[in-house]
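> here you go, sequence then predicted model.
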Amino acid sequence: MTERPFTPEEEQEVRAARLAGRTASCPRCAVPMRERSIGGGSFGLGYARHRTWLLCPVCRNSVIFDAERGTRT
Ligand SMILES: [Zn+2]
């Protein structure tokens with residue numbers, strides 16, 4: 001099992017699925033990714049910020065993104 005980080009394209013796939021309201025699945029393992037919310041405060045940002053962390057239970061790659069705005073460019 002190779003443990004290599006996602007390419008930007010793979011990350012983008014995960015983000016796109018999540019932002020579309022679907023359950024994101026790992027582009028490599030085709031398994032649903034676990035989702036966790038990360039509360040703000042402990043990252044030294046100075047204000048509460050909601051982030052979502054998507055983690056693949058198989059290859060253990062993860063994608064973190066701000067859930068605050070649906071940045072879709
Ligand atoms: Zn995976």
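Yes, it's here. Because the structure is a prediction, the values reported are computed rather than measured.
> contacting residues for Val31?
Under the criterion of C-beta atoms under 8 Å, 6 or more residues apart in numbering, the neighbours of Val31 are 25, 56-58. Backbone N, C-alpha and C define where each C-beta goes, glycine included.
> right, I mislabeled it, should have said Cys29
If a contact means C-beta under 8 Å, 6+ apart, then Cys29 has 56, 58-59 as its contacts.
> if you set the cut-off to 10 Å instead, what comes out?
Contacts for Cys29 (C-beta atoms under 10 Å, 6 or more residues apart in numbering) come out as 1, 56-61.
> that one looks like it's in a helix, true?
No. Under DSSP: H, G, I helix; E, B strand; the rest coil, Cys29 falls outside any helix and is assigned coil.
> any idea how far the ion is from it?
The gap separating Cys29 from the ion is 3 Å, by C-beta to the ion, to the nearest Å.
> how about low-confidence regions in this structure?
1-3, 39-49, 67-73 (pLDDT under 70).
> list, one by one, the residues from it near the ion.
26, 28-29, 56, 58-59 (C-beta under 5 Å from the ion).
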